[in-house]
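Visitor: I need the structure of the sequence given here:
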Amino acid sequence: MKRPGVKERIIATASRLFYEEGYNQTGINQIIEEADVAKASMYKHFRSKEDIAVAYLQRRHALWTQNMLAHVAAQNTPKARVIGCFDYLVDWLGTVGYRGCSWQNIITDLPADHHKIPEQARLHKNELRAWLIQQLQSEGTYGETRAKDLGDQVMVLIEGAIILTQIEKDVWPVRSAKKACITLLG
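Guide: I've put the predicted structure just below:
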(Lines give C-alpha, C1' and ligand atoms only; values in the text may rest on other atoms or scores of the structure.)
Protein backbone atom coordinates (compact mmCIF):
# COMPACT_ATOMS: atom_id res chain seq x y z
CA MET A 1 0.00 0.00 0.00
CA LYS A 2 1.32 3.39 -0.99
CA ARG A 3 2.25 5.72 1.86
CA PRO A 4 0.22 8.96 1.93
CA GLY A 5 2.01 12.05 0.64
CA VAL A 6 3.55 14.72 2.83
CA LYS A 7 0.61 17.12 2.67
CA GLU A 8 -1.86 14.34 3.45
CA ARG A 9 0.20 13.12 6.42
CA ILE A 10 0.47 16.65 7.80
CA ILE A 11 -3.29 17.25 7.55
CA ALA A 12 -4.17 13.84 8.97
CA THR A 13 -1.76 14.20 11.89
CA ALA A 14 -2.77 17.78 12.64
CA SER A 15 -6.45 16.85 12.41
CA ARG A 16 -6.04 14.18 15.05
CA LEU A 17 -3.90 16.36 17.30
CA PHE A 18 -6.04 19.50 17.00
CA TYR A 19 -9.21 17.53 17.73
CA GLU A 20 -7.85 15.39 20.57
CA GLU A 21 -5.37 17.76 22.22
CA GLY A 22 -6.40 21.23 21.12
CA TYR A 23 -5.00 23.84 18.78
CA ASN A 24 -2.82 25.73 21.27
CA GLN A 25 -1.58 22.52 22.85
CA THR A 26 -0.34 21.20 19.50
CA GLY A 27 2.97 22.53 18.25
CA ILE A 28 4.40 22.59 14.74
CA ASN A 29 7.30 20.37 15.85
CA GLN A 30 4.87 17.78 17.20
CA ILE A 31 2.99 17.74 13.89
CA ILE A 32 6.24 17.41 11.94
CA GLU A 33 7.50 14.60 14.15
CA GLU A 34 4.28 12.59 14.25
CA ALA A 35 3.62 13.08 10.52
CA ASP A 36 7.20 11.98 9.86
CA VAL A 37 7.99 14.87 7.54
CA ALA A 38 10.85 17.32 7.28
CA LYS A 39 10.28 20.89 8.44
CA ALA A 40 11.12 22.19 4.94
CA SER A 41 8.54 19.82 3.45
CA MET A 42 5.90 21.05 5.87
CA TYR A 43 6.62 24.69 5.00
CA LYS A 44 6.49 23.82 1.30
CA HIS A 45 2.80 22.97 1.77
CA PHE A 46 1.76 25.26 4.65
CA ARG A 47 3.01 28.69 5.68
CA SER A 48 1.77 28.41 9.27
CA LYS A 49 0.01 26.28 11.83
CA GLU A 50 -3.10 28.34 11.14
CA ASP A 51 -2.96 27.30 7.47
CA ILE A 52 -2.78 23.66 8.56
CA ALA A 53 -5.81 24.25 10.80
CA VAL A 54 -7.73 25.75 7.87
CA ALA A 55 -7.01 22.62 5.80
CA TYR A 56 -8.12 20.48 8.76
CA LEU A 57 -11.39 22.42 9.15
CA GLN A 58 -12.11 22.35 5.42
CA ARG A 59 -11.65 18.59 5.34
CA ARG A 60 -13.69 18.18 8.52
CA HIS A 61 -16.47 20.33 7.06
CA ALA A 62 -16.71 18.22 3.91
CA LEU A 63 -16.72 14.95 5.85
CA TRP A 64 -19.14 16.10 8.57
CA THR A 65 -21.58 17.57 6.04
CA GLN A 66 -21.42 14.49 3.82
CA ASN A 67 -22.07 12.19 6.79
CA MET A 68 -24.92 14.31 8.15
CA LEU A 69 -26.64 14.57 4.76
CA ALA A 70 -26.27 10.81 4.20
CA HIS A 71 -27.73 10.16 7.66
CA VAL A 72 -30.85 12.26 7.07
CA ALA A 73 -31.34 11.35 3.40
CA ALA A 74 -33.72 8.48 4.21
CA GLN A 75 -36.21 10.87 5.82
CA ASN A 76 -39.34 11.48 3.71
CA THR A 77 -39.79 15.20 4.28
CA PRO A 78 -37.56 18.24 4.75
CA LYS A 79 -38.99 18.70 8.27
CA ALA A 80 -38.09 15.08 9.11
CA ARG A 81 -34.57 15.69 7.75
CA VAL A 82 -34.17 18.68 10.08
CA ILE A 83 -35.33 16.61 13.04
CA GLY A 84 -33.10 13.77 11.84
CA CYS A 85 -30.06 15.99 12.38
CA PHE A 86 -30.39 15.27 16.08
CA ASP A 87 -30.21 11.53 15.47
CA TYR A 88 -27.03 12.13 13.49
CA LEU A 89 -25.62 14.11 16.42
CA VAL A 90 -26.30 11.21 18.80
CA ASP A 91 -24.44 8.80 16.52
CA TRP A 92 -21.58 11.15 15.71
CA LEU A 93 -20.93 12.39 19.25
CA GLY A 94 -20.89 8.82 20.54
CA THR A 95 -18.27 7.77 18.00
CA VAL A 96 -15.93 10.65 18.92
CA GLY A 97 -16.14 10.00 22.64
CA TYR A 98 -18.21 13.13 23.25
CA ARG A 99 -15.21 15.28 22.23
CA GLY A 100 -17.62 17.74 20.63
CA CYS A 101 -17.50 20.04 17.68
CA SER A 102 -14.20 20.76 15.93
CA TRP A 103 -15.24 24.32 15.22
CA GLN A 104 -16.49 25.05 18.75
CA ASN A 105 -13.34 23.50 20.21
CA ILE A 106 -10.84 25.35 18.05
CA ILE A 107 -12.55 28.73 18.44
CA THR A 108 -12.35 28.54 22.23
CA ASP A 109 -8.64 27.72 21.97
CA LEU A 110 -7.58 30.41 19.54
CA PRO A 111 -5.15 33.33 19.81
CA ALA A 112 -6.77 36.68 19.04
CA ASP A 113 -4.58 37.36 16.00
CA HIS A 114 -5.89 34.35 14.07
CA HIS A 115 -8.53 35.27 11.49
CA LYS A 116 -8.58 32.42 8.97
CA ILE A 117 -9.83 29.85 11.47
CA PRO A 118 -12.88 31.86 12.62
CA GLU A 119 -13.76 32.33 8.94
CA GLN A 120 -13.82 28.55 8.51
CA ALA A 121 -15.96 28.13 11.64
CA ARG A 122 -18.45 30.70 10.37
CA LEU A 123 -18.49 29.05 6.95
CA HIS A 124 -19.35 25.66 8.47
CA LYS A 125 -21.99 26.99 10.84
CA ASN A 126 -23.54 29.29 8.23
CA GLU A 127 -23.77 26.46 5.69
CA LEU A 128 -25.56 24.27 8.23
CA ARG A 129 -27.86 27.17 9.13
CA ALA A 130 -28.64 27.85 5.45
CA TRP A 131 -29.38 24.15 4.88
CA LEU A 132 -31.79 24.11 7.85
CA ILE A 133 -33.59 27.21 6.58
CA GLN A 134 -33.72 25.82 3.04
CA GLN A 135 -35.22 22.57 4.29
CA LEU A 136 -37.89 24.40 6.26
CA GLN A 137 -38.71 26.69 3.34
CA SER A 138 -39.01 23.76 0.95
CA GLU A 139 -41.48 22.11 3.32
CA GLY A 140 -44.09 24.61 2.14
CA THR A 141 -45.53 24.83 5.64
CA TYR A 142 -43.50 27.88 6.59
CA GLY A 143 -43.07 31.14 4.75
CA GLU A 144 -39.61 32.55 4.12
CA THR A 145 -39.50 34.69 7.28
CA ARG A 146 -40.90 31.96 9.53
CA ALA A 147 -38.55 29.34 8.05
CA LYS A 148 -35.57 31.61 8.72
CA ASP A 149 -36.67 32.22 12.29
CA LEU A 150 -37.27 28.51 12.91
CA GLY A 151 -33.99 27.55 11.22
CA ASP A 152 -32.12 29.94 13.49
CA GLN A 153 -33.80 28.47 16.54
CA VAL A 154 -33.01 24.91 15.45
CA MET A 155 -29.41 25.97 14.89
CA VAL A 156 -29.20 27.22 18.46
CA LEU A 157 -30.67 23.93 19.69
CA ILE A 158 -28.05 21.98 17.73
CA GLU A 159 -25.11 24.06 18.90
CA GLY A 160 -26.24 24.08 22.52
CA ALA A 161 -26.85 20.35 22.47
CA ILE A 162 -23.37 19.67 21.08
CA ILE A 163 -21.54 21.69 23.73
CA LEU A 164 -23.66 20.38 26.60
CA THR A 165 -23.16 16.80 25.40
CA GLN A 166 -19.42 17.44 25.47
CA ILE A 167 -19.65 18.75 29.02
CA GLU A 168 -21.96 15.98 30.26
CA LYS A 169 -20.32 13.14 28.29
CA ASP A 170 -23.83 11.90 27.55
CA VAL A 171 -26.34 12.36 24.73
CA TRP A 172 -29.30 13.43 26.86
CA PRO A 173 -28.84 17.10 25.74
CA VAL A 174 -29.22 16.08 22.09
CA ARG A 175 -32.29 14.00 22.86
CA SER A 176 -33.82 16.93 24.79
CA ALA A 177 -32.97 19.32 21.96
CA LYS A 178 -34.64 16.94 19.49
CA LYS A 179 -37.83 17.01 21.58
CA ALA A 180 -37.67 20.80 21.67
CA CYS A 181 -37.19 20.86 17.88
CA ILE A 182 -40.23 18.63 17.33
CA THR A 183 -42.31 20.92 19.55
CA LEU A 184 -40.93 24.02 17.83
CA LEU A 185 -41.70 22.77 14.35
CA GLY A 186 -45.13 21.56 15.42
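
Visitor: what about stretch 26-42, average pLDDT?
Guide: The predicted model assigns stretch 26-42 a mean pLDDT of 94.

Visitor: Stretch 86-94 too?
Guide: Here the average pLDDT along stretch 86-94 is 96.

Visitor: tell me which residues of that stretch are tucked away?
Guide: 86, 88-90, 92-93 (16 or more other C-beta atoms under 10 Å). Yep, even glycine has a C-beta here, placed from its N, CA and C like the rest.

Visitor: among those, which are in helices?
Guide: Residues of the buried residues of stretch 86-94 located in helices (DSSP state H): 86, 88-90, 92-93.

Visitor: In this structure residue 41 contacts residue 6, no?
Guide: Yes. The pair residue 41 / residue 6 is scored as a contact, 4.8 Å apart, by C-beta atoms under 8 Å.

Visitor: still on that earlier bit, which one among the ones in helices among the buried residues of stretch 86-94 gets closest to residue 54?
Guide: residue 92 (21.9 Å; C-beta to C-beta).

Visitor: Okay, and the residue nearest to the closest one when sequence neighbours are not counted sits in which element?
Guide: With sequence-adjacent residues excluded and distances taken as C-beta to C-beta, 6 or more residues apart in numbering, residue 92 is closest to residue 67, at 7.0 Å. Assigned by DSSP states H and E, residue 67 falls within helix 49-72.
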